[in-house]
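Chemist: everything below, folded, please.
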Amino acid sequence: MHIQFSPPDISDLEIEEVIKAFRSGWITTGPKTKLFEQKIAEFCGTSKAVCLNSATAALEMVLRILGVGPGDEVITSVYTYTASASTINHVGAKIVFVDTAKDSYEMDYEQLAKAITEKTKVIVPVDIGGVICDYEKIYEIIESKKQLFTPSNDIQKAYGRIIVSSDAAHSFGATRNGKKAGSFADFTSFSFHAVKNLTTAEGGAVTWRDNENIDNEFIYKEMMLWSLHGQSKDALNKMKLGSWEYDIVYPGYKCNMTDLTAAFGLAQLQRFEGLLARRNNIYKIYNRELEGLNCIKLEHDIAPDTQGNCHLYLLRINGIDENHRREIIAEMAEQGIACNVHFKPLAMMTAYKDLGYDIKDYPNAYAQYANEITLPMHTLLTDEEAVYVAQTLRGILEKNENSNKSESLSIVRVWDKDTDLMSDIARIYKECGEKMFLEEGLLHWADALSVSFVKDMVLKRETYVVRKDNKSVAFFTFGENNSYFTPDGNALFIGKMATTPELWNSGIGTFCIDWIKAEAKKREKSLLRTTVYQKSVSAVRFLSNRGFKKVYERSSKHFVVDCLEMTL
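Modeler: Below is the predicted model:
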């Protein structure tokens, strides 16, 4: 199986729309781009939008029209992609990095407040992974520091405070408190790069909130000028009969969107609600399949009116460091799964270290990064592939956890005289409840059993107790025969296995399976066989992750079991 990290989802609709654009004769900025701008604004709930060739261009054009330059300071998060900060450097302003809050991908808002000075003109929050920041808190901080603000051009004066220019490259389609991304910050920059939820191959857009002191058309025209060499007419207006003449108002940049990419985006926008729903479904599959692991995920499904767009599945794995994370990503790659890391804090990058920034000043951001792994998240991922990704990661983590715990684990054979061990088995039987698995007779809720009953059951087969720190914590059995399989001298049958709920994800099951495999080889067996109730999804998943394959299923009046085996 080969699972890419984030390939684009391109349907016939996109292809047809781009072909139409080709055939129209408009392949640069034209009617498709203008329509796309209109649709973006409608979607975000803003009056206007400008489409450009990237979110990077959008971020920089905002700073340009705001007149930000040398002597100014712009605050942003150290936990982001370079575009959030490099654009500040491009205009000659000073980059002021703020650490994240502890155990958060968002800026530490207390540190943000402390970072504001008389030179601060703009704050660039970052919507990591597709989850919208707490803009209400940001505006509260700005209002509390309003007396420090000194405007340096008419637009800044119209705001009368620090301006918020959001890096929302990840968050198109996300909502917070019933409002969509694009309508929170003074200016919002989106990315439509190939890996984004909505793509135009390369592209971006800027939206902005209405300001009673500024004409929206003025901002729109300024964006057009800055994005097209400062030229007073775009191609659409120059093509009007007799309207050749134009002026260069000031030396601008070249970062306009073309009609080809806009046509691509218009088709994506038609499909967008379905694409979002598909991402949310994959997010839920991951949540279900990874439940119980010692990990912290970025929450998207927060509340009915606050929903991340599931752009990225960010997962922090407790107890690992950068080297261990590298090994896990390599193991995932060996299983055909491409993973990533979001993000390496900018203070760790050469360009920013050369500017004098040091990751030691941002301990929370480093902690977020050091154990983070991003799983594949895209709309071409099937349910089966999503389950495979999650189960593969689970298997790797449980194997690694088991290797760390195995020194304290031991296995003891239960003999006729081991009354104490049989009492332990009775206790485990009682405590494990519906967690019992790998057996031909699953007890969903085990009743308390007498020692004599357990002794009678146990002594009919080989039984082993798993001990941790001299306490019995699990047991398993080998069956001499199994009614669902033809008896086979080359096979070792696993009968019952159980452990208590609090130890369910502790790695004991993996430890037992590894021991059983080694024992089977000692006995010169070439197969391991067992049966599992199909209702016991966790048991089937557990075995599948460790190399067991379903051979067939058997049904009775009351239950269905999967018959599984592993070749040694």
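
Chemist: quick one: residues contacting the residue most central in space within the chain.
Modeler: Central residue check for the chain by C-alpha atoms, centre = their mean: the C-alpha nearest the mean position is that of Tyr313, 1.1 Å away. Counting by C-beta atoms under 8 Å, 6 or more residues apart in numbering, Tyr313 touches Gly129, Ile282, Tyr283, Tyr286, Lys297, Leu298, Thr374, Leu375, Pro376, Met377. Using the backbone N, CA and C atoms, a C-beta is placed for each residue, glycine as well.

Chemist: any idea which helix is longest in the protein?
Modeler: Longest helix of the chain, by residue count under DSSP state H: helix 259-289.

Chemist: how far does that helix sit from its chain's centre?
Modeler: What separates the centre of helix 259-289 from the centre of its chain is 15 Å, taken as C-alpha atoms, centre = their mean, to the nearest Å.

Chemist: that one: which residues count as buried?
Modeler: With burial defined by 16 or more other C-beta atoms under 10 Å, the residues of helix 259-289 counted as buried are 259-269, 271-272, 275-276, 278-280, 282-283, 285-286, 289.

Chemist: average pLDDT across that helix?
Modeler: For helix 259-289, the mean per-residue pLDDT is 97.

Chemist: report all helices and strands that that helix contacts.
Modeler: Packed against helix 259-289 by the contact rule (3 or more C-beta pairs under 8 Å, 6 or more residues apart in numbering; DSSP states H and E) you find helix 12-24, helix 31-44, strand 301-303, strand 313-317, helix 383-405.

Chemist: do you know which of these lies nearest Ser506?
Modeler: Proximity of the helices and strands packed on helix 259-289 to Ser506 was assessed by C-beta to C-beta; the nearest stretch is helix 383-405, lying at 6.6 Å.

Chemist: identify the residues contacting that closest one?
Modeler: With C-beta under 8 Å, 6+ apart, helix 383-405 has contacts from 1, 3, 281-282, 285-286, 289-290, 293-295, 317, 319, 324, 328, 331-332, 335, 337, 373, 375-376, 381, 468, 505-511, 514, 541, 544-546.

Chemist: where exactly do the helices run in the stretch 51-200 of the chain?
Modeler: Residue ranges of the helices in the stretch 51-200 of the chain, as given by DSSP state H, counting those that start in this stretch, are 55-65, 83-90, 109-115, 135-144, 154-159.

Chemist: which of the ones you listed sits most buried?
Modeler: Mean neighbour count (mean count of other C-beta atoms under 10 Å) peaks for helix 55-65 among those, with a mean of 26.

Chemist: got a list of contacts for that helix?
Modeler: With C-beta under 8 Å, 6+ apart as the criterion, helix 55-65 contacts 50, 52, 74, 83-84, 86-88, 90-91, 93, 122, 124, 155, 165, 167, 169, 187, 189-193, 204-206, 219, 222-223, 226-227, 253, 255.

Chemist: in strands only, show me those.
Modeler: Among these, the ones falling in strands (DSSP state E) are 50, 52, 74, 122, 124, 165, 167, 187, 189-191, 204-206.

Chemist: beta partners for Val412?
Modeler: Val465 (DSSP bridges).

Chemist: I'd like the distance between it and Lys525.
Modeler: Using C-beta to C-beta, to the nearest Å, we find Val412 at a distance of 21 Å from Lys525.

Chemist: before we move on, back to that, show me which of the contacts of Tyr313 are buried.
Modeler: Neighbour counting over these (16+ other C-beta under 10 Å) leaves Gly129, Ile282, Tyr283, Tyr286, Lys297, Leu298, Thr374, Leu375, Pro376, Met377 as the buried ones.

Chemist: can you redo the residues you listed as CSV with distance to Val98?
Modeler: Below are these laid out as CSV (distance: C-beta to C-beta, whole Å):
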residue, distance to Val98
Gly129, 18
Ile282, 32
Tyr283, 28
Tyr286, 30
Lys297, 24
Leu298, 19
Thr374, 22
Leu375, 27
Pro376, 30
Met377, 27
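
Chemist: any stretches of the stretch 101-250 of the chain with poor pLDDT?
Modeler: Applying pLDDT under 70 to the stretch 101-250 of the chain flags the ranges 234-244.

Chemist: one more time with 80
Modeler: Applying pLDDT under 80 to the predicted model, the residue ranges of the stretch 101-250 of the chain that meet it are 233-244.

Chemist: list phi and psi for Gln4.
Modeler: Geometry field for Gln4 lists phi and psi as phi -70, psi 160, criterion degrees, to the nearest 10.

Chemist: could you report the neighbour count for it?
Modeler: Gln4: 12 surrounding residues under other C-beta atoms under 10 Å.

Chemist: and it, how close does it get to Thr567?
Modeler: The spacing between Gln4 and Thr567, counted by C-beta to C-beta, is 30 Å.

Chemist: tell me which residues touch the nearest residue to Ile411 once chain neighbours are set aside, please.
Modeler: Leaving aside its sequence neighbours, Ile411 sits nearest to Tyr464 (C-beta to C-beta, 6 or more residues apart in numbering; 5.1 Å). Contact criterion C-beta under 8 Å, 6+ apart gives Ile411, Val412, Arg413, Val414, Phe475, Phe476, Thr477 as the residues in contact with Tyr464.

Chemist: which two among those residues are spaced furthest apart?
Modeler: Within the contacts of Tyr464, Val412 and Thr477 form the most distant pair, 13.4 Å apart (C-beta to C-beta).

Chemist: out of the two, which sits in the busier spot?
Modeler: The residue with more neighbours, out of Val412 and Thr477, is Thr477; 22 against 15, by other C-beta under 10 Å.

Chemist: could I get the helices of the stretch 51-200 of the chain in TSV, plus columns for distance to Ile214?
Modeler: As requested, the helices of the stretch 51-200 of the chain are exported to TSV (distance: least, C-beta to C-beta, whole Å):
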stretch	distance to Ile214
helix 55-65	10
helix 83-90	21
helix 109-115	25
helix 135-144	17
helix 154-159	5
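
Chemist: these: which one's closest to Ile248?
Modeler: Closest approach to Ile248 among these (C-beta to C-beta): helix 55-65, 15.3 Å.

Chemist: and the nearest residue to Trp208 once chain neighbours are set aside, how many neighbours?
Modeler: If you skip the residues right next to it in sequence, Trp208 has Phe187 as its closest partner in space, 4.7 Å away by C-beta to C-beta, 6+ apart. As a burial measure, the neighbour count of Phe187 was computed by other C-beta under 10 Å and equals 25.
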